[in-house]
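**Student:** model the structure of this input:
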Amino acid sequence: MGAVARDRWSRVVIGALGLALTSAIVATASGVLAHAFVSRSEPRTGATIVESPPQVRIWFDGPIEPLFAKIYVEDRDKRRVDKGDGRVNLNDNRLLEVGLPPLPPGRYRVFWSVIARDGHPREGDFSFLLR
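**Tutor:** Numbers count the residues shown, from 1 in each chain. Presented below is the predicted three-dimensional model:
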């Protein structure tokens with residue numbers, strides 16, 4: 001193979017590798033963006049509050065599937081304290097919520113799991129302190 005042919009071949013190979021790398025980066029980035037990430041919550045993660053909240057609400061950055069969404073709240077002794085009515089809000093498919101009875105002071109932990117509309121599962125937990 002002559003020098004000109006080798007030079008052309010090198011350019012083709014480098015171009016193909018560059019295209020493959022770019023495609024891999026785009027595919028990875030779009031997969032990451034497809035997950036449903038928490039935007040905010042009420043009460044906020046780690047918050048100290050003085051009034052018992054009527055509910056826990058978690059907003060996500062994208063729609064979540066109601067059929068697979070779960071949320072519950074436990075006290076320090078790992079006893080479930082929510083009303084058992086966890087659901088995706090009918091008017092906002094990015095909002096997961098569960099009702100709470102009046103709670104006594106203490107530390108509470110919220111557990112949640114969702115599946116984004118594209119099928120990516122997410123789960124997490126956070127706590128808040130009621131004084």
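**Student:** got a list of what the residue nearest to the spatial centre of the chain touches?
**Tutor:** The chain has residue 37 as the residue nearest its centroid, 3.0 Å off, counting by Cα atoms, centre = their mean. With contact set as Cβ atoms under 8 Å, 6 or more residues apart in numbering, residue 37 has these partners: 60-62, 122. C-beta here means a position set from N, CA and C on the backbone, and glycine is covered the same way.
**Student:** so what's residue 88 bridging to?
**Tutor:** Bridge pairing for residue 88 (DSSP bridges) gives the partners residue 96.
**Student:** how near is it to residue 94?
**Tutor:** As judged by Cβ to Cβ, to the nearest Å, residue 88 and residue 94 stand 8 Å apart.
**Student:** neighbour count winner among the two?
**Tutor:** A direct count of neighbours by other Cβ atoms under 10 Å for residue 88 and residue 94 places residue 88 higher, at 21 against 16.
**Student:** that older thread, which one of the contacts of residue 37 sits in the busiest neighbourhood?
**Tutor:** residue 60 (24 neighbours).
**Student:** residue 101 is in contact with residue 84, isn't it?
**Tutor:** No. The pair residue 101 / residue 84 is not scored as a contact, 10.5 Å apart, by Cβ atoms under 8 Å.
**Student:** the helices in this structure, which residues?
**Tutor:** Using DSSP state H, the helices of the chain run over 3-34.
**Student:** okay, and the helix or strand of this protein with the least pLDDT?
**Tutor:** Using mean pLDDT, DSSP states H and E, helix 3-34 stands out as the lowest-scoring helix or strand of the chain, at a mean of 47.
**Student:** using CSV, write out every CA atom in stretch 104-122.
**Tutor:** Extracted C-alpha coordinates of stretch 104-122, given in CSV (Å, rounded to 0.1, in the frame of the first residue of the first chain):
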residue,chain,number,x,y,z
PRO,A,104,-45.9,13.3,66.9
PRO,A,105,-42.4,14.8,67.0
GLY,A,106,-39.7,12.5,65.8
ARG,A,107,-37.6,11.6,62.8
TYR,A,108,-39.3,10.1,59.7
ARG,A,109,-38.0,8.4,56.6
VAL,A,110,-39.7,8.5,53.2
PHE,A,111,-39.1,5.6,50.8
TRP,A,112,-40.1,5.9,47.1
SER,A,113,-39.7,4.0,43.9
VAL,A,114,-40.8,5.0,40.4
ILE,A,115,-40.5,3.9,36.8
ALA,A,116,-40.0,6.7,34.3
ARG,A,117,-42.3,6.6,31.2
ASP,A,118,-39.5,5.2,29.2
GLY,A,119,-39.1,2.2,31.6
HIS,A,120,-36.1,3.3,33.7
PRO,A,121,-36.6,2.5,37.4
ARG,A,122,-35.4,4.8,40.2
